Structure formats: structure tokens, C-alpha cells
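Peer 1: mind folding the following:
(chains A and B)
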Amino acid sequence: MAPTPAHLALITLLLPLASAALIALFLRRAGALAQIVSVLACAGYAAAALALAFGGHRETAVNASLDWLAIGGFTLSLGIKFDDIAALMLCIVAVVGLCVHIFSIGYMHDDKARARYFGGLSIFMFSMTGIVLADNLFMMFIFWELVGFSSWLLINHYCEKQSAADASKKAFIVNRIGDFGFLLGIIACYYVFGTVNLAEIASKVHGGVAVIACIPLALFCGAIGKSAQVPLQVWLPDAMEGPTPVSALIHAATMVAAGIYMLCRIEPLFAAAPAALNVVMWVGVITALYAALCAITQSDIKKVLAYSTLSQLGYMVAAFGLGVATVSNMYAPYDTLFFTGAAAAMFHLTTHAAFKALLFLGSGSVIAGCHHEQDIFKMGGLRKKMPVTFITFTIGVLAIIGMPFFAGFFSKDAILYLAMLKSTPVFIMLALTAILTAFYMVRLWKVTFWGETRTAESSHAHESGPAMLFPLIVLGILSIIAGYTVIYGGAFDSILSRIPSTYGDPLHHTIILITSLAVMVIGAGAALLFYKSAATDSLRDRIPGVFTILTHLKETPDRVYNYYVAKIQQRFALFLNFIDQFFIGGLVVRGLAGVTGFLGLGARALHVGSIHAYLYWFLAGAVLIWAFAAGFLH
Amino acid sequence: MNPFPVDLLLLSIATPLAAALIIAFGAHKKLALFLAYIGFSVPALVAVYLVAKFAGAPQHHGYAFFTSYDMGLAAWGIKLTLGLNGISLGLFALAGIVGFAAGFYALQSGAERLKYYLLLLLVMQGGLMGVFASVDIFFFYFFHEFALIATFIMVGVWGGRDRNYAAMMMTIYLTLGAMLSLAGLIAIYIKSGAGTFDLIALRETIAAQPLSALVQKNIFGILMFGFGVLVSLFPLHSWAPLGYGAAPSSAAMLHAGVLKKFGLYGLIQIALPLLPSGAGHWAHILGVLALCNVIVIGFVTIAQSDLKQMIGYSSVMHMGYAFLGIAAMSTLGVGGVVIMMIGHGLSVALLFLLATSIHHRTQTFDMAEMGGLAKQAPVLAAFFVATTFASIGLPGFANFWGELTIFIALWGFSKWMTIAAVAGIIISAIYGLRSAARVFFGPQSATFAKVAAEHSPADLRWSERVPALVLLAALLLVGFWPKIITTPLNAHLNHAPYISQK
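Peer 2: Now for the predicted structure:
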């Protein structure tokens, strides 16, 4: 019997959960076995996901939804909405997930807590799939919290390090700030629309139910937290404390992109409240530019990539915010995309997942090769030592800076084109971000791979094993071809056909092409000329003023955060504690002084200290009361 | 229907009490331990069995397993009437499960004068089963007193730091609270004119002829503050962190986990249905006080450095959510309170158990003197982390459903209160994760390194794992399959027309 789509969908959801449960219960000490279970589960997951996505089956409900909890008039149900966008996201999670699982076999081979690590990956795959498939907002929120937990678990992997413990805590708490708004938004939806089902909300909005901008904005808070947009961006750079494959999977390709995915899911709400869309756009643009500026001064290879991720996520959020409903799409069914901006955001999310996972895994290969050195100024000359890593990393760099014919070129152009049509300031800021992107990526690439080896670690560097190189090659190929929409075989046409295109608009076509080439050449060329592969940062040496300003730019939010936690929040808590102890506790006791005196006798009796005395008093009392009540009342 | 020759509800109450009685009359130690095992196991087994059988059981006015005994007080309208409805079923199960875990842990604890310790714990256990099995308000109250007095003695005798002061504070607050509640209950008895303490009869009488608005207002106020003290409603909560900080672990588990729920249970089982307009009058005040529980006490919890005090304060904070569910005055809100009570009861009991286990290994409750314990005790760390996430409302654990349904219900009552209440999820994440990090992660503190060098800390022993596993499994069961609680609960609440439907 061939598995039905409903079976396949359940496999994607339950296989990782089963793997995680098995590892947690029985394989805690059997790292090698846990690894096999987890990787096999992920392979099965990927097979099911791809079969589902390319099998052509699309339904808003693959499975009849199931009531999970019902009290009074409220019902929370589990259901699957499997449209093109869910199918695309599921493919991304499956492909990147499998690559990361395989890469981890090599990267984590000598880790003592391997079982916990692979169990964590499985939990993550389960939770992420729940977000992708959810047909209603409460279900999405449930899995949204669960990815937060798996993120906490995996960032905290090296938990004997204070920095890892702090980073994981920070990630979860900052995400909870976003979830605060998200949950309120969902509850508001429940009361305004009488439902949280995505398709039903869409039809209600089209039916004319008014949407106040607060609702989509509250929901957007969730995306600000999960996708680390300004002002909640502080957790993502710290999250690099986790093992590098985790950074690739969770903190680059999939979980942090869940915010953008969620926005695309609730698009009808934004369509009905364009003011909210403007806010989204500006948050994205600011994040994109700010993070790109921060990336320039970083010397830790993972931190550069982390800020780059922030910046690219800002790009996606900005693209969503730029959303222009095109006329033809007004007739589309309610539950499919009708924003070109959302299509552009999803397209960039797809290509970004490929090349950013590639870059992170490449950095993992570099870090493993250099015996866990992460400072790029202590590397150098790795192109000869690690040729495969070098070539694939180069592909990743070319893809992210927008080299023609590589994946990033197409998706970034689509966003720039949209910005040009909608708003000139946004266009300028995004173009500037693109220059900076080319600049810091080429800097990273040159300092790491070119020149001579500078330390013992890098001169003893060695190429990684096949388990790590295979995913790099796969992702390298995807980073080239993911930009050509033909390769998807028409499976996601409702998204891909709406990507803004300059086709049939030769004037804009030329402008965009020139802009994007110029942007890339300026950024990359400047970095190539300016930086040399040396033990110190050329920017710090030559223009210390700019370097200092950029460093402050990066550090100020961290300082504000630390100041808030240590000084404001803690002092406020201590102050309330004082009030509680000395006023509330004390006052009530004093207010009860009379009663205390009355009970003082009893209280003193309790100080006698003989346990027998208490017990017999207690029993005697009970019997006496009973006898009194039963006997005398008759 | 009942294949057993005895009334199971009566059995679950009588077994621990009988065991206690035999121990009191001088059973030697081996027999005492044996009796204690029986006394803690029987209620748990009965509870699990009755949860499984509830759906098919014949009902008497909404109560399954209904029986009534004349104890010689029938002339006053007092009978030992036992039964379980949709609300009490889950709490009865909670009492059985937490009682088993606390009893098992106490049996293995090697406490001084273990026999008497077990005796009091058995009295407490019998009382707890009685509270939730009673349909008669008099016995509902009577059983509570039984358990409460045992708690005072346990804190006073086996308590830790400041035990005398803590026992005195607890006694004063809780006795006052109990007296107020009793006054309220008696007032209902008198004003209803039904001449009985039987809850079914009271409901029918009052449904036929509701109490006047003024009477309802006054009685609900008395009950709200009386029960409020027992559940640590702000600003009457000061006994809780102090008492729990000093209480021996099993007593803290049973009190914070189960006995404290008496007040909330009384409010939703008795006060809300009988005094609906009174509840409406007080709802805003209750809501504001409960928000103080969530926000003010939430921040106070952040400030704690003593692990046990922190758990005590966090428990006070979470009771705020439960009160908010009551203030929402809707079916969904009441349902949320029941789930919240169960989730919180299981998780706080487990936290107290684990806190003691941590103390055995670090010789301190001061979190500043811990750190890095996960390295020596990974299983203990896993349990603590799982319970912490349960208590801060991670989906997959029972507590999440409680918080979620209360938030949703509260929005229908007041949007601003909901916004403030939801902010609590940030606060609880801060103190919860901070405590896990300070105890288990990062490098060892200098003090703990010294302690660990002398006595290398072992991982969780089986005597600790068994009760911990039972509690965690229950948390996960309700988390993954909330219908086990909500199906009977919902069936009951949908027949309760006195609560506004939302």
C-alpha cells in the first residue's frame, strides 16, 4: 500500500519525535547508537517530506483536524495546512536538516554528550515541522515555544562554559519577550475572528471583518523575537556558543527564518492593515543595515556569519514589508500568496537557507580543521590545506554577495526591484547593505583562506572527513541552482510565479542589473584591495576611528541589555523583595499582633519540643471534637 | 458496577488514616514502614483506577462513585458523602499521585524519628484524599483541617532553618484563613435555609431560590479572603515562601502540591456556583490582587538566591494565574484553573523533591554556592530542567494548558489584565532558567568545588528517581493528552449554567 499524503505528513512530524523519545529514554549513554537513530530518522523524514512536496498533493487540510483540548466554547485543534509555502518550507527544513545531521556525524564524533546533541536535533526537527504544518495559530504557537526549547538545549550544549549557559538563557528569555506579543496577538485574533484557523481568518478578512493594525503588529512581535530583528536582535550573535552545525540549522537556515514564514502565513491580516506593513518594512531595513555594519568589525568567523544572518533576515522582513498586491492576484484564492513581497521573501529565504547553511557548515569545517580556533586572524592560507572546504565556501560567498548566476543574485535582485518600485530610501538602504555584505564577506574569505598560515593551529589544519565534505558539496550545488526557478519543477508555482521580475520592464531591468553588479563590485573590490590576509584587522590599523565607531555600534545594545539586567531589573526585583519582606510580611504580622497574643499560648506550646506531646494533643483534640459534635448534638 | 467489595473512595481515605493509627499505637519500625508503603500506595492506585473508570460510571447528580454514610451527625445535615465530579476527579488523582511520590520519598529519606514523620504524612494524605472526595462541605473542611494540623507539626518539628518562626507564621495565617472560610461556609449553610451541608442539596436549593445579592457579596468576600489566605493571595502570601523554605521536603510537596489547592477548589466548586453575583462583585478586586501575585511576586522571585525560597515564591506567583482564571468567571477560566492546579501541583512537588536532592549534593540551598552540578549529576539536571520548563509553561507539560486557557478566558474579562498577566511568561522564564543555570551549568563555584572534593556528588539514586519519574510522567501525560482531564471536566462544566458561557 502506498502511503497517503496524510501518512507522509504524520511521518515527518512523528519520526523525529520518536527518535528524540527513544534517545532520551534509552540511549542516553549510547552516543553512537543515538547518532544512528537520529540520522536515520532524519533521512526518513527527508524522504517523506520530498515525496510530499513534489508529489503534487496540496490541501489546506491533509488530515482532518483533531481536537486536542475542548473546554466550554473553546477548542484547540491540531491540523495540517499543506499549501505551496508549507511544502517549500518543509523541503528546506528536510534538506538542510539532513545535511546538518550528516555533517554532525563528523563534527561531533568525539563529543561526550553526543546522545543529548542528536536527541536535541531530533526534537528540533519535530518542533520545526509542527510550525511548518500548523493550520492554526495556537498550534503554531505551541511548536513555536518548542523550537525555543530545542534552541535553548542546543545552545547550552557546552553547558560547563558560563558563556554557553548565559547565551542559552538569553536566547530563550529574549524570545519569550517576542512571544508575549505573539500570544496576545493570537488571543486577540481568537476574539476578533472567532477562530485562529489560518484559512478561516483569511476568509473572514476577505469577508470584510475589520482588522486593527495592533493585531498583525502583535503577531509580528513573535517574528521580531524568533527572527532576531531590531530591537530583539541581541540573542542571535550570542547563540553562536552552540555547536556550529546547530548554528547552521537552527540559527541560520530554518528556525530564525520561521518568523518570516509565520508572517507569510498571516499575510491576509497585513493586507487588511497596510500601516502595519510599513512598520514591518522599516524594522527589516534597519536590521539589515545595522547588522551589516556590525559584521565588519567581527574577528570570530561565526560572529561574522551571525551578523550576516541577521542582515539577511532583515532583507527578508523588509521584502515582506514591501509587499505590493498586484492586480491579478486579487482574484487568487484566499489562502494562497498574493503579495509579491511575501513571494520575494520566501524566495530569498530559500536561497539563503542553502548558502548560509553552506557557509556555516564550511566555517564548522574550518573550525574543526584548525582545532577549534575561531579567530580569522589566527587562520590564513587555508585554501591549500582544505581545498574542498575552500571551493564550497567560495561558492557560498559568491552566492551571498549576489554574483550573477549564483542563487543569491536572483533573490536579492527581486527584493531590490521591489524596493525600487515602492520606496527610494528603502532601495538606497538595501543597496548600501548589499555593498557592505560584499565587503565583509570578501574580507572574511580573504583573511581566512588566502595569504600564509599564521598560527600553529592553521598550519596544522587538515581537510575534514567525507561525512563533513559531502553536505558541503550538496549545499554548494544548491547554492548555485536554487536561484533558477525551473529546478523546482513547478511544485511551488503559486510562490515562484509571484516573485517580482523585471521581465517586460527593460528600463528597470537595466537599472537593477547595473545596480546589483555595481554594488557587488564596489563592496567586494574594496575588501579585496583594503584587507590583506594578516594577523591584524586592516581597518583597525588604517582607519581606527571608523573601526571604533562600528565597534560601539555593535556593543551598545549588548551594554544596554547587560545594564538593564544587572542594574534595572535586578535592583527593581531586590526593591520589591525588600517591600515584600519588611512591609507586607512585617505589616501583616504587626496587624495581627492582637491575634498573635491570643494564639501565643498555642505557639509557645509548640516550642515544648516533645513530639509525643504534639501527637497526643492532636489525636486527643480530634477525638474530643468528634465526641462533642456527635454526642452533644443529639 | 464496582467489582471490589469496598467503597474505593472510603478505602483511599481510610487506608492512610488506619495506617497512621496503628503506627501511633506503637507499631515497631519495620511494620510502620510496611504500613506506610500500603498507606501511600492504595490511594494512588485507587485514584488511577477511578480516573480510568470515570467515563462509564453511573452518576448521581453529576457525581460518580457516589456513597453516603451517616456518622451520627445527620440531624445537623452532616453526612459523610463521597463522590467525584468532573472538577474533583483530576484533583483527587493529583492528591493520590503526589501523595505517593511524597510518601515514597519520605520513606527513603532517613529522616529522624521516621516513624512519626510517616505517621503525620499519612494523616495528611488521608485528609487530602478526603478533601477532594467529599461532597459534604462539612467533611470537605474537616479533612482539610486534619491535613493542615499535621503540616504545622511537621514544619515545627522536622523543619529546617527558622522552623519555629515559620511554623508560627504558617499556623497564624492558615488558621485565620481556615476560620474565615469556615465562617463563610457556615453562612452559606444558614442563609440557604437548606439545613444541610450536602453540596448537591445546597446547589438545588440555591438554584431554586438564589441568595440575595447583598448576602452573596458578603459571603463571597469572606470566602475569597479566607480561601485566599490558604492559597497565598497577595498580600496574604508571606507565610508561603517562609513556610515552604522551612518545611521538610515531603510536607512541602504535599502542602504546596495539593493541600494549598483546597482554597481554589473551594472557590470553584462551592463559591462560584452558589454565589455567582457575589463573584461578579469581587472579580475585579480579585483580578488586581492576582496580578500582584503574578507581577510583583514574579519580580520578588527573581530576587531570591535561596533555591527553596525561590520555588516557594514561584508557587505564589503561579497561584496568581489560578486566581485570574477564577476572576474571568467563565467556563473556560474555571477549566483553566483546574488544569493549572494539576500542573502546578505536580511540578511544584517535583521541584521541592529535586531541591532537597540538590541539597544532599551541595549541602546548601544558596544558589550562589552551586554551579556545574550537571557534570556530576546529569539525570538530576535533566529532571530539574524538565520540571523548570514545565513550571514556566512549556507546551508538552500540563502547566501550559492551564496558563493558555486562563489567558484566553481572561481576555474576555479584561484585556489589560490579560496583557499584564501574559507578561508573566517572561518573568517566569527569567527566574526559572536562571536558577537552572546557577545550579547546574557554568563552572563550579569555589564553595561547591570544596564540597564536591570532599564528597563527590552522585547522580540521582533510584529512591529519588522513582517518585520523580512518577510526577514527571504525570506532567507529560496531561501535557500530551489534556483530554484525560478536560473531557470529564468539560462535561461537568457544560452542565453548570450558573457560570457565564465563554
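Peer 1: state the number of residues packed around whatever residue of the stretch 351-500 of chain A ends up closest to chain B.
Peer 2: Of all residues in the stretch 351-500 of chain A, the one sitting closest to chain B is residue A:372 (18.4 Å; C-beta to the nearest C-beta). The way it works is simple: take the backbone N, C-alpha and C, and place the C-beta from them, glycine included. Per other C-beta atoms under 10 Å in any protein chain shown, the neighbour tally for residue A:372 reads 9.
Peer 1: now do it against residue A:558, distance only.
Peer 2: Here the criterion is C-beta to C-beta, to the nearest Å. By it, residue A:372 lies 24 Å from residue A:558.
Peer 1: secondary structure element for residue B:81?
Peer 2: strand B:80-84 (DSSP states H and E).
Peer 1: angle of the following helix or strand past that strand against strand B:80-84?
Peer 2: Next helix or strand after strand B:80-84 toward the C-terminus (DSSP H and E): helix B:86-107. Angle, helix B:86-107 to strand B:80-84, by axes from the mean of the first three to the mean of the last three C-alpha atoms, to 10 degrees: 100 degrees.
Peer 1: and the average pLDDT for helix B:86-107 is what?
Peer 2: Mean pLDDT, helix B:86-107: 93.
Peer 1: again, but for stretch A:369-385
Peer 2: For stretch A:369-385, the mean pLDDT works out to 87.
Peer 1: now do stretch A:490-497
Peer 2: 82.
Peer 1: list the buried ones in it?
Peer 2: A:491, A:492, A:494, A:495, A:496 (16 or more other C-beta atoms under 10 Å in any protein chain shown).
Peer 1: now, which of these lie within helices?
Peer 2: Among the buried residues of stretch A:490-497, the subset assigned to helices under DSSP state H consists of A:494, A:495, A:496.
Peer 1: out of the residues you listed, who's nearest residue B:297?
Peer 2: Of all those, residue B:297 sits closest to residue A:495, with 48.1 Å by C-beta to C-beta.
Peer 1: am I right that that closest one is in contact with residue A:87?
Peer 2: No: counting by C-beta atoms under 8 Å, residue A:495 sits too far from residue A:87 to count as a contact (9.4 Å).
Peer 1: residues from the stretch 1-150 of chain B in reach of chain A?
Peer 2: For the stretch 1-150 of chain B, the residues in contact with chain A (C-beta under 8 Å from any C-beta of the partner chain) are B:24, B:71-73, B:75-76, B:113, B:116, B:119-120, B:146, B:149-150.
Peer 1: again, only using 7 Å
Peer 2: Residues of the stretch 1-150 of chain B found near chain A (C-beta under 7 Å from any C-beta of the partner chain) are B:24, B:71, B:72, B:73, B:75, B:76, B:113, B:116, B:149.
Peer 1: turn these into a markdown table, including pLDDT.
Peer 2: Shown next, in a markdown table, are the residues of the stretch 1-150 of chain B next to chain A (pLDDT from 0 to 100):
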| residue | pLDDT |
| --- | --- |
| B:24 | 86 |
| B:71 | 78 |
| B:72 | 75 |
| B:73 | 78 |
| B:75 | 78 |
| B:76 | 80 |
| B:113 | 82 |
| B:116 | 86 |
| B:149 | 87 |
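Peer 1: and the two most separated of those residues?
Peer 2: Taking C-beta to C-beta as the measure, the residues of the stretch 1-150 of chain B next to chain A span a maximum distance of 41.5 Å, between B:75 and B:113.
Peer 1: near chain A, which residues of the stretch 201-350 of chain B are found?
Peer 2: Close to chain A, as judged by C-beta under 7 Å from any C-beta, the stretch 201-350 of chain B has residues B:235, B:236, B:238, B:296, B:299, B:300, B:302, B:303, B:330, B:331, B:332, B:335.
Peer 1: hey, which helix is longest across chain B?
Peer 2: For chain B, the longest helix by residue count, based on DSSP H, is helix B:331-362.
Peer 1: my error: substitute chain A in the last question.
Peer 2: Per DSSP H, chain A has its longest helix at helix A:162-193.
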